Structure formats: C-alpha cells, structure tokens
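In: Okay, sequence plus prediction incoming.
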Protein chains: 2
Amino acid sequence: MVYELFYWPTIQGRGEFVRLALEEAGAQYVDVARGPGGMARMMAVMDGPDHPPFAPPFLKAGDLLIGQASNILMYLGQKHGLAPADEKSGLWVNQLQLTIADLVTEAHDSHHPIASSLYYEDQRPEAKRRAADFTETRIPKFFDYFESILGRPEPKDYLLGDQLTYADLSLFQLIEGLRYAFPATLARIDAGYPLLGALHDRVAARPRIKAYLASERRLPFNQEGVFRHYPELDGER
Amino acid sequence: MVYELFYWPTIQGRGEFVRLALEEAGAQYVDVARGPGGMARMMAVMDGPDHPPFAPPFLKAGDLLIGQASNILMYLGQKHGLAPADEKSGLWVNQLQLTIADLVTEAHDSHHPIASSLYYEDQRPEAKRRAADFTETRIPKFFDYFESILGRPEPKDYLLGDQLTYADLSLFQLIEGLRYAFPATLARIDAGYPLLGALHDRVAARPRIKAYLASERRLPFNQEGVFRHYPELDGER
C-alpha cells in the first residue's frame, strides 16, 4: 500500500511527526500537497463525506482516513513495529506522544499567544511575555520529565528501553524544533539533559532518518511553521 | 475492579471528561484526591517509578497507570462499550476526542494566554484579546465542524450515529463548559447549532449521567478550572 499524507506543503509543522514515522518505517508514501494539484486535493478531502478531518495532517491508508497527528502515529506505530504490541506499553507510548504534542502546541503559542489567524507582528508584545515563560518554565519542566523517563530505572537508549517507538521520533523532532527556534535557551540548558541529547543523536543517526534528513523530502525549518526563530523571543536571562 | 481516578479535588477540569466516562459506564471508581490523604497519594504516584504521568488526570486500573485524558478515554471506551470495536471507528472516535481536547486547551488559554503559572489578573489585557478571537473565530469554527459531523449524511443522535461513544460525553462537557464560561457568546450562536444542542440534551438525559449531574460527585464549575466565567471575556460584539 502507498500511503497518502496530506499536510501543508511548505512547512514541517505537525506533519513532520508523521513524515518521520513513515520514513523510519520505510513506508511508501506520497506527500500529496507537495505535488501538482495537491493542495486542491487536500481541500477536497477536507470537504469530503467520509470522516472529514478538522485540519491537516491526515493520512489516507487504503480505506482509512485518519486525522490528528497522535492518532496517525498510533496507527502507523501498530502497523510498522514502531510501537509495542501489548496494551500497557501501547497506552504508555500514546501517553508520551500526547505529552510531547502538548509542548508542541505551547511552542506554537509562544509566537502566537493571541490568535493563529493574526500575524506574529500583530501579537509581538504578548509573544515576548509568553515566550519568556515558555523558555524559563515550560521547556525545563517538560525536559525534566522526559529526561527522568529516559533515566528510569537506569539510562536507556529510547523512552521504552532498547526498542525505538514513534514517541522517540517525536521527541527527536521536538528537540530539533526547539533548538531551531530557541538556540540560546537550548544551549544554556543543554548540559542538564544528557539523555535527551543522546536520544536526539541516536535517532538522527538511524540510517533511514539520516538519509531522510539529508534529502529534499525534509523541508527546512522556516518562519511559517510551528517552530520559528525570533531572536527577541529567545532572550537570555 | 475498582478504578482509582487521580485529579485535582476542587475542579472539573480535564478530569471531568474521565469522570463522565466512568459514570456512564457504571464503573466503580474512587476519586482519590477528594478523599482523606488523597492529595499526598496523588503526588506520590507522580513521583513513582512506574510510568509516572506528567500531570493529572491519570487512572489506576489494576496494573495499569494511564495518563492523558484522551488516552484514558480510549482505554475506558474499549473496556466499557463506549467506543466501537472496529479499527476504523476506533481511530475516528479518538480523532474526534483529540479535536475536542484541542478546543478545551484553547478554552483554558483564553483566560491564561501568557502563562499557567500566573494569575488571571496578571494577564487580563492579553486574555481579553485572546478571548475575543476565541469567541468570535475559534468556537464557531469548531462548532461548525462538529455540527457538520452530526449532520452527515443525515442528522444523527450521536457523533457516530445511534451508538454513544466517549466523544459524545466529551462534546457534552465541552458545551457545558463553554455555556458556563461564555454564556453571552453561546446564547448568541446557539440557534446555529441545533444538532449540538440536541446532543447536549440527549447526553444530559441519559439515566446515569442525569443521576451523576445531580449528585455531589459532580463538582460545580468555578473560577479555578479550565472553563471560567469572566464577563469581560464574554463581550458581545
């Protein structure tokens, strides 16, 4: 089966979490909106009769049309060995993914605290206040949590131990995005999170991920995605 | 099995979505933090060795410790007939739940657009701006979506048709919360969403839910939860 991924064609955004899982799985997929006529097709599916998604990303997998990144990842994880088969571990991976997704939303809101429909420039003072809290309080709180998970009961390669799951791919992307958006902040706190840094490097070195990151399929970060670099939001204390 | 629900003892918050599913299921459960010594026990579990959750709510189900409201609901849905058994419908219900959860987060951020750790009074001007967008743009966008789902291909009793799922309970609670927090806004747009209003009333009239809502187990809305009523955030246009 060839999957069809539907996501905005010019940004990594939330679609990137799905792309990473597809790439690690070695799955065949088409990034629909990046091809000719793709945006029109994406909009048509959103207006379609069968389980229309509220927003991209969504994935067409044969008869299935699946929306919400964490939901897509749960599906792909089960199909491609990127999640453990037992109920307890499956729930745990989904829980970790949802916690990662919460910080992704906060990363977005750090530059758009008032309204997604407004430009950043129209909410700059509010963004500065929110980003100060985000960098000083929220990133460390979440990083403390994930570092502690990686350290229990002893340092592990991946969140669940030896086995890579989609939550590890997502954690890699979260770190990548935050390093792009908040380089000064991340440089300042980096030494406190050796297990997170090691996980990031371990994922980046996986053959399929490494090839993907070096390919044209990987869009560069930019100022339209979830992770944006505004130096004034990354002030050192 | 007697479930143990862990959530802040004085608010509905995100724990309420779990409470509603437990109540509709007729499940036996203890709302741990509302009992003697419960807060200390909740904190101990969060510091515990086994799959510590990032934040409440979380559910202890025998050997399982499950965090993230949407994840808990997926579990309860499967165990108690509050979700369909087939893969396609199961993914769809989870997708709808995650979309509801997105609006719940936005409802919270309408009064806390800068930082959860600050008082509302310390972010009042920003809240006023965010709430204006929330009431004028975001609530209608999500309500349009759910109304259209309820209307496809023809008006249905519940999101999936005849069968109640946990997503219906959550949609009820979302409407309840928004009516409490933004009564003027909801009164203004209510007529445009007859199917949502009917679903709300249908859920409220279910025997177990009706009994629960009338009981002391149902905490009243207040100014500490996700849904808060600040009249200045509910201005009519």
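Out: In hand now; what should we look at?
In: Apart from its neighbours in sequence, what residue is nearest residue A:77?
Out: residue A:83 (3.1 Å; CB to CB, 6 or more residues apart in numbering or on different chains). For the C-beta atoms, the positions are set from N, CA and C on the backbone; glycine is no exception.
In: helix, strand or coil for that neighbour?
Out: Following DSSP: H, G, I helix; E, B strand; the rest coil, residue A:83 is assigned to coil.
In: what about it, distance to chain B?
Out: 13 Å (CB to the nearest CB, to the nearest Å).
In: Tell me who's in contact with that residue.
Out: Residues in contact with residue A:83, defined by CB atoms under 8 Å, 6 or more residues apart in numbering or on different chains, are A:74, A:77, A:89-90, A:93, A:165-166.
In: try residue A:59
Out: So residue A:59 contacts A:3-6, A:18, A:65-67, A:72, A:75-76 (CB under 8 Å, 6+ apart).
In: can you narrow these to ones near chain B?
Out: Contacts with chain B within those, as defined by CB under 8 Å from any CB of the partner chain: A:66-67, A:75.
In: returning to that earlier point: list just the nearest of the contacts of residue A:59 to residue B:180.
Out: residue A:67 (28.4 Å; CB to CB).
In: Which residues are in contact with the nearest residue to residue A:134 once chain neighbours are set aside?
Out: Of all residues not flanking residue A:134 in the chain, residue A:110 sits nearest, at 4.3 Å (CB to CB, 6+ apart). Residues in contact with residue A:110 (CB under 8 Å, 6+ apart) are A:127, A:130-131, A:134-135, A:181, A:233.
In: CSV please, covering these and showing neighbour count and pLDDT.
Out: Below are those laid out as CSV (neighbours: other CB atoms under 10 Å in any protein chain shown; pLDDT from 0 to 100):
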residue, neighbour count, pLDDT
A:127, 24, 97
A:130, 26, 97
A:131, 25, 97
A:134, 25, 98
A:135, 24, 97
A:181, 26, 98
A:233, 22, 97
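In: And those, which two are furthest apart?
Out: A:130 and A:181 (13.0 Å).
In: Count the neighbours of the nearest residue to residue A:169 once chain neighbours are set aside for me.
Out: Nearest non-adjacent residue to residue A:169, counting by CB to CB, 6+ apart: residue A:20, 4.3 Å away. By the criterion of other CB atoms under 10 Å in any protein chain shown, residue A:20 has 26 neighbours.
In: go on, the one 5 residues further on?
Out: Number of residues near residue A:25 (other CB under 10 Å) recorded here: 19.
In: try residue A:162
Out: Residues near residue A:162, counting by other CB under 10 Å: 7.
In: Just the local confidence number for it, please.
Out: pLDDT recorded at residue A:162 is 95.
In: Residue A:104 now?
Out: Looking at residue A:104, its pLDDT is 98.
In: what kind of secondary structure is it in?
Out: Applying three-state DSSP: residue A:104 is helix.
In: Wait, it touches residue A:174, no?
Out: Yes: at 6.5 Å, residue A:104 counts as touching residue A:174 under the criterion of CB atoms under 8 Å.
In: ok, which stretches of chain A are helices?
Out: Ranges of helices within chain A are A:15-25, A:38-46, A:69-79, A:87-111, A:124-133, A:139-150, A:166-181, A:183-189, A:194-204, A:207-213, based on DSSP state H.
In: so which of those comes closest to residue B:30?
Out: When the helices of chain A are ranked by proximity to residue B:30, the top entry is helix A:87-111, at 20.3 Å, counting by CB to CB.
In: now that closest one, how far from the centre of its chain.
Out: 9 Å (CA atoms, centre = their mean, to the nearest Å).
In: That helix vs helix B:87-111, what angle?
Out: 40 degrees (axes from the mean of the first three to the mean of the last three CA atoms, to 10 degrees).
In: Buried residues of helix A:87-111, list them for me.
Out: Buried residues in helix A:87-111, counting neighbours by 16 or more other CB atoms under 10 Å in any protein chain shown, are found at A:89-104, A:106-111.
In: And stretch A:25-42, by the same measure?
Out: A:25, A:27, A:29, A:31-33, A:38, A:42.
In: what about stretch A:227-237, near chain B?
Out: No: using CB under 8 Å from any CB, stretch A:227-237 never reaches chain B; the gap is at least 13.0 Å.
In: Export that stretch to CSV, keeping only CA atoms.
Out: The C-alpha trace of stretch A:227-237 is given here as CSV (Å, rounded to 0.1, in the frame of the first residue of the first chain):
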residue,chain,number,x,y,z
PHE,A,227,8.9,26.2,15.4
ARG,A,228,10.0,29.7,14.5
HIS,A,229,13.1,31.6,15.3
TYR,A,230,12.5,35.1,16.6
PRO,A,231,15.7,36.2,18.4
GLU,A,232,13.7,38.5,20.6
LEU,A,233,11.7,35.5,22.0
ASP,A,234,14.9,33.7,22.9
GLY,A,235,16.4,36.2,25.2
GLU,A,236,18.9,35.0,27.8
ARG,A,237,18.1,35.8,31.4
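In: Could you give the number of residues near the residue lying closest to residue A:227 once chain neighbours are set aside?
Out: Excluding the flanking residues, the one nearest residue A:227 by CB to CB, 6+ apart is residue A:177, at 3.4 Å. Residues near residue A:177, counting by other CB under 10 Å, number 23.
In: Let me see the contact set for residue A:177.
Out: Contacts of residue A:177 (CB under 8 Å, 6+ apart): A:12, A:104, A:107, A:221, A:225-227.
In: Return the member of these nearest to chain B.
Out: residue A:104 (11.5 Å; CB to the nearest CB).
In: got a list of what that closest one touches?
Out: Counted by CB under 8 Å, 6+ apart, residue A:104 has contacts A:14, A:174, A:177, A:226.
In: Test for you: state the pLDDT assigned to the closest residue in space to the first one that isn't next to it in sequence.
Out: Which is residue A:14. Excluding its sequence neighbours, the residue lying closest to residue A:14 (CB to CB, 6+ apart) is residue A:69, at 4.7 Å. Residue A:69 carries a pLDDT value of 98.
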